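Novice: the sequence and its predicted three-dimensional model are supplied below.
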Amino acid sequence: MAYTDTSAFCLQTDVEGLVQRGVFTANTKPTAQQVLDWMARYAGEIESTIAAVGSSYTVSARNNPFPGSPSPAVARLKMLCESANALGAASQVVAMHSVLGGSGSTDAATEMFERYTKLLEELVVAASNSVASAALVSRTDTTDLAFLTNTEF
């Protein structure tokens with residue numbers, strides 16, 4: 001399956017910025033399609049990581065997977081998803097392919113992948129926080145609401 005730029009949390013330009021070797025096209029090594037494929041694969045891993053803690057943000061809603069005016073917790077989750085996605089894809093691009101006629105660097109790829117795995121850990125916490133804050137804000141059932149003594153309005 002050929003993935004598109006709507007199959008990931010990040011943009012191809014994010015990966016290009018991390019790799020720092022220019023724009024990926026149909027004629028570069030790796031090709032733009034190969035970069036998009038790696039982006040989509042890491043987006044899937046990110047989705048399942050945050051879904052495991054109850055987050056419902058998915059790439060299938062890529063045109064706007066996060067609200068336009070997110071809460072601080074959701075804004076952090078969005079930033080972490082984008083960063084992790086770009087780092088994961090960039091680590092594979094650098095490790096697996098020569099870039100624009102040069103060769104990839106395993107040290108740089110390893111360092112990027114380690115940063116990606118640390119971001120996955122932060123994503124679990126951020127996704128948990130965004131789910132918890134959404135539950136607090138969206139609760140409308142007041143049947144079991146109790147006030148402390150000396151509560152004034």
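Specialist: Ah, there it is. Numbering: from 1, shown residues only.

Novice: from here on, contacts and neighbour counts on C-alpha atoms
Specialist: Fine.

Novice: over to T28: give its phi and psi.
Specialist: With angles defined as degrees, to the nearest 10, T28 sits at phi -90, psi 170.

Novice: how much space between it and A86?
Specialist: For T28, the distance to A86 equals 18 Å [Cα to Cα, to the nearest Å].

Novice: can you check M39 too?
Specialist: For M39, the distance to A86 - Cα to Cα - is 7 Å.

Novice: just want the most central residue of the chain.
Specialist: C81 (1.9 Å; Cα atoms, centre = their mean).

Novice: and that one, which of the three is it?
Specialist: helix (DSSP: H, G, I helix; E, B strand; the rest coil).

Novice: name the helices or strands packed onto the biggest helix by length in the chain?
Specialist: Determined from DSSP state H, the single longest helix within the chain is helix 106-138. Other helices and strands packing on helix 106-138, by 3 or more Cα pairs under 8 Å, 6 or more residues apart in numbering; DSSP states H and E, are helix 32-51, helix 72-96.

Novice: of these, which stretch is the most buried?
Specialist: Ranked by average neighbour count under the criterion mean count of other Cα atoms under 10 Å, the helices and strands packed on helix 106-138 are headed by helix 72-96 at a mean of 23.

Novice: mind showing which ranges of this protein have poor pLDDT?
Specialist: Where the chain drops to pLDDT under 70, the residues are 1, 61-64, 67, 97-105, 131-153.

Novice: thought S7 was touching E47?
Specialist: No: with contact defined as Cα atoms under 8 Å, S7 does not reach E47; the gap is 11.3 Å.

Novice: sorry, back to before: go ahead and confirm the residue nearest to the centre of the chain touches L123.
Specialist: Yes: C81 lies in contact with L123 (Cα under 8 Å); the separation is 7.1 Å.

Novice: now stretch 120-129: buried residues?
Specialist: Using 16 or more other Cα atoms under 10 Å as the test for burial, stretch 120-129 gives L120, E122, L123, V124, A126, A127, S128, N129.

Novice: ok, the residues you listed vs T13, which is closest?
Specialist: Within the buried residues of stretch 120-129, proximity to T13 (Cα to Cα) peaks at L120, which comes in at 20.9 Å.

Novice: I'd say the closest one and A84 touch.
Specialist: Yes: with contact defined as Cα under 8 Å, L120 reaches A84; the gap is 6.9 Å.
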